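Any chance you can model this:
(one chain, ligands or ions: 1)
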Amino acid sequence: MTTQLADTVALLRELVAFPTISEVSNLDMIAYLGHRLESCGARVDIFHDEIGHKANLFATIGPETDGGIVLSGHSDVVPVAEQDWTHDPFEVVEEGGRLYGRGTCDMKGFIATAVSMAPLLADRARTRPVHFAFTYDEEVGCLGGQALVQSLEARGIRPAVAIVGEPTMMRLIEGHKGCYEYTTHFTGLAGHGSAPSRGVNAVEYAVRYLNRLLELKEALRARAPDSSRFDPPWTTINTGSIHGGVAHNVIASNATIEWEMRPVQAADARFVKEDLRRYCEEMLLPRMRKIHPEANITTETIGEVDGLEPTTENEARDIVMELTGVDTAELVPFGTEAGLFQASGMSAVVCGPGSIEQAHKPDEFISLEQVQNCIDMLWRLGDKLDA
Ligand SMILES: [Zn+2]
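Reported below is the predicted structural model:
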């Protein structure tokens, strides 16, 4: 094992030992990473969430200029409850060239590699800064990523490139759909089933809304970009659940629809939201409120994770191709924080060690070979910063 690989594995052991499941605080791990980065000369900012329970870390090595390269990873991991693990999930076990433990591939393996390479990158980042962005709550809707992008914008920090190290087996990913989840609540007026016109039937309005969703679902097929390589190529809408009412003979006063859309382009999401807003304001609500002024339709946003749109020009893609020797860029079905970086003006790709096949599962692992491949990529990044 090379010293660099041994260092990375040692750091990964320490990171896995912080049980940073999304519902608990990540502050200890963030503080630890902050110290490690400071010790090699990085300027470290820690941005807390509103209640100070979790934090994002953003660190810079090299010159204080725009146009830097961000190495990004989320600090949280998914739960281990109800999973059948062979070993303690928060203690790395090495066996047969693999490192087992929660978060080894998703995605503390990448974070450990980036931080263990920081001293080398610090020596070589002369003309272009390298940033480290470690976020909270990615697994529960990219909440930390959204806050981080806002913090950077507020401080006028403008990196140019983001490499998100989610597990792709070091394949280069230039696109994924977004994932927007909503719960729409309908409030009507209860009454006796024999006099429907005296109440406002929330279930019946929910059905009208659902019909509109079905019409939009069709309209979205026609909006698919010609060049779309997604499967399917268009933005999809799915209705996941519908609930409402209490009994045969009672006018339903409440109904709820849980639905999602997976946009291939941000414009589709705006199109759907704007259409639904107008449909409710102009068609449904006036009819409901004629009977009952308090009737209402409200949509709760569960999460809006931006997609990563493949673009013709993409510096992040060019850089990662150069660093890895990979010559094709692919699309994946899962969401990442890359779309957030892209939306804030950076070029972004996903490329990291380990396989998404192992993510979120019991006996999650990363192979030493994958960690080494990631070390090699960052080694070449050092050459590039030196040039
Ligand atoms: Zn992940």
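
Could you double-check that Ala147 sits in contact with Phe47?
Yes: with contact defined as Cβ atoms under 8 Å, Ala147 reaches Phe47; the gap is 6.7 Å. C-betas here are computed from N, CA, C, even on glycine.

which neighbours do those two share?
Counting by Cβ atoms under 8 Å, 6 or more residues apart in numbering, the common neighbours of Ala147 and Phe47 are Asn56.

now the residue with the largest distance to the centre of the chain: how far from His248?
Relative to the centre of the chain, and counting by Cα atoms, centre = their mean, the farthest-placed residue is Ser194 at 49.1 Å. When Cβ to Cβ, to the nearest Å is applied, the distance between Ser194 and His248 equals 11 Å.

One more: Val264?
Distance from Val264 to His248, counting by Cβ to Cβ: 42 Å.

Settle it for me: which of those two has more neighbours?
Under the criterion of other Cβ atoms under 10 Å, the comparison of Val264 against His248 puts Val264 first, with 27 against 6.

part of a strand, is the more buried one?
No: looking at Val264 with DSSP: H, G, I helix; E, B strand; the rest coil, it is coil, so not inside a strand.

dump the residue contacts of it.
Val264 is in contact with 177, 224-225, 228, 230, 233-235, 307, 309, counting by Cβ under 8 Å, 6+ apart.

Provide the secondary structure category for the residue of the stretch 1-150 of the chain found nearest the ion.
Evaluated by Cβ to the ion, the stretch 1-150 of the chain has Asp106 as its residue closest to the ion, separated by 4.1 Å. Secondary structure, three-state DSSP: Asp106 is helix.

where in this protein is pLDDT low?
For the chain, residues meeting the criterion pLDDT under 70 lie at 387.

Quick check, the residue of the stretch 1-150 of the chain closest to the ion in contact with Gly354.
Yes: the criterion here is Cβ under 8 Å, and Asp106 meets it with Gly354 at 7.2 Å.

Please list the residues of the stretch 51-200 of the chain that sit near the ion.
On the criterion Cβ under 5 Å from the ion, the ion has as its neighbours in the stretch 51-200 of the chain the residues 106-107, 166.

let's go with 8 Å and repeat that
Proximity of the stretch 51-200 of the chain to the ion, by Cβ under 8 Å from the ion, involves residues 74, 106-107, 138-139, 166-167.

Let's see the PyMOL selection covering just the buried ones among those.
Only the buried members of these end up in this PyMOL selection, burial being decided by 16 or more other Cβ atoms under 10 Å:
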select buried, resi 74+106+107+138+139+166+167
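
Quick check: of the residues of the stretch 51-200 of the chain next to the ion, which lies closest to Val272?
Checking these against Val272 with Cβ to Cβ, the nearest one is Glu138 at 24.3 Å.

Pretty sure the residue farthest from the centre of the chain sits against Ile251.
No: applying Cβ under 8 Å, one finds Ser194 not in contact with Ile251, separated by 9.7 Å.

So which residues of the stretch 101-250 of the chain form helices?
Applying DSSP state H, counting those that start in this stretch to the stretch 101-250 of the chain gives helices spanning 109-116, 118-124, 143-155, 202-222.

Pick the most buried one from those helices.
For the helices of the stretch 101-250 of the chain, the stretch with the most neighbours on average is helix 109-116, a mean of 28; neighbours defined as mean count of other Cβ atoms under 10 Å.

Pretty sure Val320 sits in a helix.
Yes: counting by three-state DSSP, Val320 is located in a helix.

Can you give me every residue that contacts it?
Contacts of Val320 by Cβ under 8 Å, 6+ apart are 163, 172, 326, 349, 351, 377.

Please apply the same query to Glu315.
By Cβ under 8 Å, 6+ apart, the contact list for Glu315 reads 160-161, 347.

what separates it from Met288, distance-wise?
Counting by Cβ to Cβ, the separation of Glu315 from Met288 is 50 Å.

what does Arg277 give?
Arg277 sits 15 Å away from Met288 when distances are taken as Cβ to Cβ.

between those two, who's got more neighbours?
Neighbours per residue (other Cβ under 10 Å) separate Arg277 from Met288, with Met288 holding more: 24 against 12.
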